[in-house]
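>>> Compute the structure for the input listed below.
(2 chains)
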Protein chains: 2
Amino acid sequence: MRAYNFNAGPAAIPLPVLERAQKELVNFQNTGMSVMELSHRSKDYEEVHNRANTLLRELLGIPDTYEVLFLQGGASLQFSMIPMNFLQENKTAHFIMSGSWSEKALKEAKVFGETRILASSKEDKYAHIPGDYSLEELEDGAYLHITSNNTIYGTQWNEYPTSPIPLIADMSSDILCKEIDVEKFSLIYAGAQKNLGPSGVTVVIVKKDFLETARSNVPTILKYSTHAESNSLYNTPPTFAIYMLSLVLEWVKEQGGVKNIQKINEEKAGYIYSAIDESEGFYKAHATEDSRSLMNITFTLPNEELTKKFLQEAKDRQFIGLAGHRSVGGCRASTYNAVPKEACAALAKFMTEFKNQNQ
Amino acid sequence: MRAYNFNAGPAAIPLPVLERAQKELVNFQNTGMSVMELSHRSKDYEEVHNRANTLLRELLGIPDTYEVLFLQGGASLQFSMIPMNFLQENKTAHFIMSGSWSEKALKEAKVFGETRILASSKEDKYAHIPGDYSLEELEDGAYLHITSNNTIYGTQWNEYPTSPIPLIADMSSDILCKEIDVEKFSLIYAGAQKNLGPSGVTVVIVKKDFLETARSNVPTILKYSTHAESNSLYNTPPTFAIYMLSLVLEWVKEQGGVKNIQKINEEKAGYIYSAIDESEGFYKAHATEDSRSLMNITFTLPNEELTKKFLQEAKDRQFIGLAGHRSVGGCRASTYNAVPKEACAALAKFMTEFKNQNQ
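Numbers count the residues shown, from 1 in each chain, chains lettered A, B, ... in the order given. Down below sits the predicted model:
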């Protein structure tokens, strides 16, 4: 039986994708080899690689004025690569702080230059996406950095700022969950292990003219231009992870694309938020209503004892990954694209039953 | 039918490993999830992670005074991380140059500080491992860097220098191919995609007291200590690649460990070198006899036309990956651990037949 996988990442992967990968694992398209055994310079692999690129462009509506790169190191390496490449001396990197990942991004930018917090919801335990800031203060900044979705706190941006300076977003935990206007951004990055596939590959979408402003005194492998100039084949890419990415993207397309995925995600999150809202205060959402995430639903129970009992009973019913992040406690259901509607409906049903029995 | 896979990397993976990965791809050990869908903080994944670490320690005889790390970014990122962490101001990094990968390592070290070439076989088209150097010249150097095996030129170190300063080796293309004395080294690194598994994970073996000498003003993710302190779980590791690594290591153990693998490798390479040596000059090995690699066998044919014909006929017989690297031409057979004896014997037989028909 498939588990109800609500892991925060690495997370659920669509079952048909896993089944296809399984089927062709030993013999990829009659090559007599696994896709892992193909040379990254071979025609067979190149097709996989380019298909992932093309599909992502198609699904997100990425214009030709942007590069799509497949890198390694996760969002954590991006936290350093971004300032290394784009935080010019005598300029400032601005941050809107919406959680722990914003904090990590800020911390690493400080290693390379001047930073400034434009807005933060830290005092509110990051329960909302900050809205109280003036974009006019940004003049002459290097870039403005945001975290589009906050896995730990369960908040998500609804509308992105129209920034007068390059806007950079960490979209690791909500890329492809809903339609976005890529042209608002100069750079988008996302570790794959939530909505795109297995861990081990990081997608970067970067505007070509922004790329041209990058610093030059950067180690070769840490320059975005190195990877842009070589179609992400400067060194050996994580070929299997990119293959899995290509299969996940095909699956998204088969689901009717991002527009339809968004509708399904709204329905899925709706089940669980309804169970919270209709619980007469038994479950409390951490996020304020206008900042609720479609991808990570965070909530608490009346006390520690009930939380433990809830997590234990959930586990017995094959619900996986519902404990909140160790830094905040409580509960969290991550409802990424690959989590089926049935899993969310089953969780909502269980939540209501548990409330009725323990209220 | 399985191809005869002589790819230089990504390369062959043992068939039993692929078959096991295939079997449990959708449902890993009755978790109801793929290993790719497990949280990297879960007990199930942690066992995989720690098993890879323990097996590598056992197979290579790595003492407790060393850390074993699983990183991302390939050897190419190590080219930068090493000087970033270990090339102290007012010290010099020394290099013994044995091919293109040594050159890349040197180039990136230059970004961070002083470098010096202790010896080089470039004038000999890197046909041998340099032996004409004095280790006494190294006094007060930061470290000495070598490339243990040269994929492009087909050469390999036989005996490692006993260096008075920390010895660092890029063993990407020959780790686990033969027994080594880890204690000669302060740091060993290897991209997995030749002898260890799929691309996307890099193994680093680093002496703890060397680690303590590292510079502190390094971005968090690029510090070795970050990964050492968190058992390579500081950020999300490439979990599936590490899982594959663990299976490959189990397979090496089942083959009787590195000692036995070495014997098999000598036999395998022996078939092909014999076909060269007994061809009365039809095939010419690029490497000098004392520097011949067990892992990459490079050779040329009398002319360009015959080379093309050879590669075409080889391809028709399902021999994959025999073209030499684009920078040097000719032919190359990569006979990594996972390439079966039968494939090497079949190639040797074909080489002799081709010679007889085209001499």
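
>>> and the stretch 101-250 of chain A, which of its residues are near chain B?
A:107-108, A:111, A:191, A:193, A:197-201, A:217, A:219-222, A:234-241, A:244 (C-beta under 8 Å from any C-beta of the partner chain). For glycine as for every other residue, the C-beta is placed from the backbone atoms N, C-alpha and C.

>>> Mind checking which of those residues are buried?
Using 16 or more other C-beta atoms under 10 Å in any protein chain shown as the burial test, those include A:108, A:111, A:191, A:193, A:197-201, A:219-222, A:234-241, A:244 as buried.

>>> In helices only, show me the residues you listed.
A:E108, A:T239, A:F240, A:A241, A:M244 (DSSP state H).

>>> OK, contacts around the second one?
Okay, so that is A:T239. Applying C-beta atoms under 8 Å, 6 or more residues apart in numbering or on different chains to A:T239 gives the contacts A:V35, A:M36, A:L38, A:H40, A:Y45, A:V48, A:H49, B:P10, B:P198, B:S199, B:G200.

>>> Tell me the one of these nearest A:E67?
A:H49 (14.0 Å; C-beta to C-beta).

>>> Now do the closest one, the pLDDT please.
Listed pLDDT for A:H49 reads 98.

>>> In strands only, show me the buried ones among the residues of the stretch 101-250 of chain A next to chain B.
Under the assignment DSSP state E, those contribute A:G191 to strands.

>>> just checking, A:I242 touches A:V48?
Yes: the pair A:I242 / A:V48 is scored as a contact, 6.6 Å apart, by C-beta atoms under 8 Å.

>>> buried set for the helix or strand hosting A:T352?
Assigned by DSSP states H and E, A:T352 belongs to helix A:341-358. For helix A:341-358, burial by neighbour count (16+ other C-beta under 10 Å) applies to A:A343, A:C344, A:A345, A:A346, A:L347, A:A348, A:F350, A:M351, A:T352, A:F354, A:K355.

>>> Equivalent analysis for stretch A:159-173, please.
A:P161, A:S163, A:I165, A:P166, A:L167, A:I168, A:A169, A:D170, A:M171, A:S172, A:S173.

>>> Pull the contacting residues for the residue nearest to the first one when sequence neighbours are not counted.
Same thing as A:P161. Among residues not flanking A:P161 along the chain, A:L135 sits closest, at 6.0 Å (C-beta to C-beta, 6 or more residues apart in numbering or on different chains). Neighbouring residues of A:L135 by C-beta under 8 Å, 6+ apart: A:P161, A:T162, A:S163, A:P164.

>>> Specify which member of these is nearest to chain B.
A:S163 (24.9 Å; C-beta to the nearest C-beta).

>>> so A:S121 makes contact with A:I129?
Yes: at 6.8 Å, A:S121 counts as touching A:I129 under the criterion of C-beta under 8 Å.

>>> Please say which of those two ends up with more neighbours.
Comparing A:S121 with A:I129 by other C-beta atoms under 10 Å in any protein chain shown, the one with more neighbours is A:I129, at 27 against 23.

>>> excluding its backbone neighbours, what's nearest the more buried one?
Leaving out its chain neighbours, the residue that sits closest to A:I129 by C-beta to C-beta, 6+ apart is A:S291, at 4.6 Å.

>>> so who does the one you found touch?
A:S291 touches A:A127, A:H128, A:I129, A:T155, A:Q156, A:N158, counting by C-beta under 8 Å, 6+ apart.

>>> give me that answer again for 6 Å
By C-beta atoms under 6 Å, 6 or more residues apart in numbering or on different chains, A:S291 lies in contact with A:H128, A:I129, A:T155.

>>> backbone phi and psi for the second one, please?
Think A:I129. Reported as degrees, to the nearest 10, the phi and psi values for A:I129 are phi -80, psi 120.

>>> surely it meets A:T155?
Yes: contact criterion C-beta atoms under 6 Å: A:I129 and A:T155 qualify, at 5.5 Å.

>>> What are the boundaries of the helices in chain A?
Under DSSP H, chain A gives helices at A:15-23, A:43-60, A:74-86, A:100-110, A:208-211, A:224-229, A:239-254, A:257-277, A:304-316, A:341-358.
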